[in-house]
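1. mind looking at a prediction? Sequence and model below.
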Amino acid sequence: MFWVDKLIKQLDGQTLQIVNDSKTPSGRAHVGALRGVIIHDTIFRALKEYGFEAHYTFGVDDYDPLDELPYSKYEQFQEFLGKPLCEVPAPDNTTSDMADYYISEFFSVFKELGVQVTTYRLRDIYRSGQFDATIDRILTKADQVRDIYRTVSGSIRPPTWLPIQMICEKCGRIGTTEAYAYDGQEVSYHCRPDMVTWATGCGYKGKGSPFSGRSKLPWKLEWVAKWANQGITIEGAGKDHNSKGGSRDVAVACLKQLFGKPAPLNIPYEFFLVEGAKMSSSRGIGVAARDMADFLPPEVLRFLMLRSQPNRPINFSPSEDAIVKLFNEFDRCQAAISKPNANPEILRIRRFSQVSRDPNAADIEYTIPGMQLIQALVQLPHLDVVTEVQRRNPRPFTDLEFKHLHRRIAAVKYWLEHYAEDSERLELQQELPDVASNLSDLQKDFLQRLSVALKDAVWEGNALQNLIFATSKLVPIPQPAAFSAIYIVLFGRVQGPRAGPLFSYLDRDFLMTRFNLKE
RNA sequence: GCGCUCUUAGCUCAGUUUGGUAGAGCAGCUGACUUUUAAUCAGUUGGUCGAUGGUUCGAGUCCAUCAGGGCGCACCA
C-alpha cells in the first residue's frame, strides 16, 4: 500500500485536518526542502480524496534572525546579522526584503508543481498580535518551559531565562537579546555583544512590551504557538528535528503541558541528498529547488519526491544513467494508467505525481518517446526533434503530448548544459576522433566497405540499417564490433543511437568521407 | 555521548504495524520479429531475507545481542 494511504488510515475520525509546513527564507531553498512540501501536499490531496475537510498552510519564518550570509559575496550584509530576515534588504533590491526575495523563488516552484497552499508570514502573525496571548502564557509559565527543556532535552537554563527573543529597540537585532524578567506587561532584556558567535549585539539594556511584533518566540516555542493557535493536526518534519530530545520532542511536550493539546501527527522524513559533494562541485550543480524545477518536468520531480517512502533517504544523481532511469521509471508508471491489471500502488504514485490537483483530471494520459531517444536526437545538429519523433510515432501526437514532449526536450537541453559530463555527451565529431586510431583492421575494412556502399544507398532508416548488417557480413565482422566502429568514428564513444535511422538524419557525403579512413 | 534508520535476487526497492509455503521493476539469459546497438514482443534463471540466540506448531516479520552502512542531535532554527 502506498505510504500516504497507510498514513491516513492511522488518523482518528476527526473530519477537519490542517496540514502545515514552514520554511525559513535565509537563502535559496535547497531542492531537499521540496521533499517536505511534496509529502505534505500529497497528504493534503489524499485527505481531500478520502473526504476529509483539509487545509494546507505554509508559514514563512521571516522573523528569524539572519544568522549567516547566504553567499560570501554579500559581505555588505554583515551589519544586518542578527536582525529579522524581513528587515534585511534583498540582495538585488528587486523585492522589499531578503525573506520575500528567497521565499518568492521557492513559491514559484510550488506553483509549477501544483502545490496549492495558504501561505502566511510570521512577521504578520507577530505584528498583528495573533501570538500575544500565547506569548503571555508561555512567558508566565516559563518555569515549566525550563523544566521541559531540562527533562526532555537535558539542557539546563538559568532560572531567569525566558523563552523569548526581544527585538532590541536600539539596534533592531533579535538574535542577540537575552530576556531575564517578565512582569506580565513588559520584558527586561539585554542586547549582548557576546550572546552568539554570528552576530554582535549593541549592549543596550532595555525593557518593553513583547507584544505586537516586538519580540519573537524561539523556534521550539514558535512551533508550539503555531500548533496551538492554528489547530494544526498534521505536520511532518525532517530528521534534523526528530532526534530524541530534539526540537520536536520539546515542542510536543510544551504543547501538551502548557496548552493541553495533543501533538499533531508527525511524519518524520529522511533527507533528499544530491550525489556526493565532490561530484556536485565538479558538475557545477546548482541544487536549489528552483534549479531542479527548471530541469525536471514537474510531474517527474513530484514522482522523484514521493515514490520513496518518507523514512528512506533519496539519493539523486544527475548522471546520464540515473536520469535516463528516472524518466524510464516515470514512463513505466505513466504507462500503468492504461494497463488493466496494473499494480495499484504504482497507480497511486502516478496519481499523486500529476500536477493537476483534480484526481480525475484528463490531462494525465499521454505517451511520449523515452529519454534515450530524445537525448540522442537533441544532440544531433540541424535536426528538428519534434518533427523526427512525430515521423516515427504510429499516430499524430495530441496537444497534450506535444506539450510534454517539448518539456522533455527542454529537460535534455538543461541536462546537457548543466550536468552532463563530457563522456556522457553525444557529440557528432567535426573531425575524425583520435580514438579512431585504435580501430582494428577488420573494423577499418568494414567502414571502408560501408563508405562505398552508402554511395547508392536508399536514404531511409531501415534500409540503411539493413545495409549496415549486410556490409558487416561481407567483411565479415561481428556486429557489435561493426557498430562500435561506427560510433567511434562519429562520436568518439562505443555506443550511440540506432545507426540506420541516425544515418538518415546525416549527410551522405559527410558519412562517406568519415568512413573512408584511407583518405 | 544520546538517538533514529537501513541491511531481502546482479541493481533499485516492496513485504515487517495485525507471524502462516519469499515479491516487483530493471539488468541477465532464451526465443521471436527475414539478422544482435541504450528497440519491440514472449518466456525464464536467480535470494539459506546481515550474523547469532530466543519466543512459537510455524519467524523476512516479534524479542535480545552483535556486525556493517546512512543520518540526526548536543542549548541554531
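-> Cool, got the structure. Numbers count the residues shown, from 1 in each chain, chains lettered A, B, ... in the order given.

2. going forward, measure contacts and count neighbours with C-alpha atoms only.
-> Noted.

3. so what's the nearest residue to A:R146 once chain neighbours are set aside up against?
-> Taking Cα to Cα, 6 or more residues apart in numbering as the measure, A:R146 lies nearest to A:R157, with 6.1 Å between them; neighbours along the chain are not counted. Contacts were defined as Cα atoms under 8 Å, 6 or more residues apart in numbering; by that measure A:R157 touches A:R146, A:Y149, A:R150.

4. how close does A:R157 get to A:T200?
-> Taking Cα to Cα, to the nearest Å as the measure, A:R157 falls 22 Å from A:T200.

5. over to A:T134?
-> On the measure of Cα to Cα, A:T134 and A:T200 end up 29 Å apart.

6. one more: A:I234?
-> When Cα to Cα is applied, the distance between A:I234 and A:T200 equals 37 Å.

7. now A:F107
-> Counting by Cα to Cα, the gap between A:F107 and A:T200 amounts to 32 Å.

8. what ranges do the strands span in chain A?
-> When assigned using DSSP state E, the strands of chain A occupy the ranges A:16-23, A:53-60, A:118-121, A:165-166, A:177-182, A:187-191, A:205-208, A:215-216, A:237-238, A:268-269, A:272-274, A:314-316.

9. of those strands, which is nearest RNA strand B?
-> Closest approach to RNA strand B among the strands of chain A is made by strand A:314-316 (6.5 Å; Cα to the nearest atom of the strand).

10. what residues of the closest one count as buried?
-> A:I314, A:F316 (16 or more other Cα atoms under 10 Å).

11. and the contacts of stretch A:165-176?
-> Where contact means Cα under 8 Å, 6+ apart, the residues beyond stretch A:165-176 that reach it are A:64-67, A:80-84, A:177-179, A:187, A:189, A:191-196, A:199-202, A:204, A:206, A:210, A:214-218.

12. filter these down to the ones close to RNA strand B.
-> Restricting the contacts of stretch A:165-176 to those adjacent to RNA strand B (criterion: Cα under 7 Å from any atom of the strand) gives A:D64, A:D67, A:P218.

13. which of these has the most neighbours?
-> Looking at these with neighbours defined as other Cα atoms under 10 Å, the largest count falls to A:D64 at 25 neighbours.

14. check the gap between that one and A:M305 for me.
-> Counting by Cα to Cα, the gap between A:D64 and A:M305 amounts to 27 Å.

15. can you check A:C86 too?
-> The gap separating A:C86 from A:M305 is 30 Å, by Cα to Cα.

16. likewise A:L439?
-> A:L439 sits 45 Å away from A:M305 when distances are taken as Cα to Cα.

17. again with A:L296
-> Per Cα to Cα, A:L296 is found 12 Å from A:M305.

18. what's the answer for A:D434, then?
-> If you measure A:D434 against A:M305 using Cα to Cα, the figure is 42 Å.

19. what does A:P193 give?
-> Relative to A:M305, A:P193 is positioned 43 Å away (Cα to Cα).

20. show me what contacts A:G370?
-> Applying Cα under 8 Å, 6+ apart, one finds that A:G370 lies in contact with A:F327, A:N328, A:D331.

21. for A:R307, same thing?
-> A:R307 is in contact with A:I349, counting by Cα under 8 Å, 6+ apart.

22. can you tell me how far it is from RNA strand B?
-> 9 Å (Cα to the nearest atom of the strand, to the nearest Å).

23. count the neighbours of the residue in the stretch 351-500 of chain A that RNA strand B sits nearest to for me.
-> With distances taken as Cα to the nearest atom of the strand, the stretch 351-500 of chain A approaches RNA strand B most closely at A:R498, which sits 3.4 Å away. A:R498 has 13 neighbours, counted by other Cα under 10 Å.

24. about what we covered before: make JSON lines from the ones next to RNA strand B among the contacts of stretch A:165-176 and add distance to A:Y505 and pLDDT to it.
-> Listed next are these as JSON lines, based on distance: Cα to Cα, whole Å; pLDDT from 0 to 100:
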{"residue": "A:D64", "distance to A:Y505": "58", "pLDDT": "94"}
{"residue": "A:D67", "distance to A:Y505": "56", "pLDDT": "87"}
{"residue": "A:P218", "distance to A:Y505": "63", "pLDDT": "94"}
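
25. closest to RNA strand B out of these?
-> Each of these was checked against RNA strand B using Cα to the nearest atom of the strand; the closest is A:P218, at 4.1 Å.

26. my guess is that closest one contacts A:P163. True?
-> Yes - taking Cα atoms under 8 Å as the contact criterion, A:P218 and A:P163 are neighbours in contact, 6.3 Å apart.

27. apart from its neighbours in sequence, what residue is nearest A:V458?
-> Sequence neighbours aside, A:L464 is the residue nearest to A:V458 in space, at 7.0 Å (criterion: Cα to Cα, 6+ apart).

28. check contacts around A:S353.
-> Residues in contact with A:S353 (Cα under 8 Å, 6+ apart) are A:E299, A:V300, A:L301, A:R302, A:F303, A:L306.
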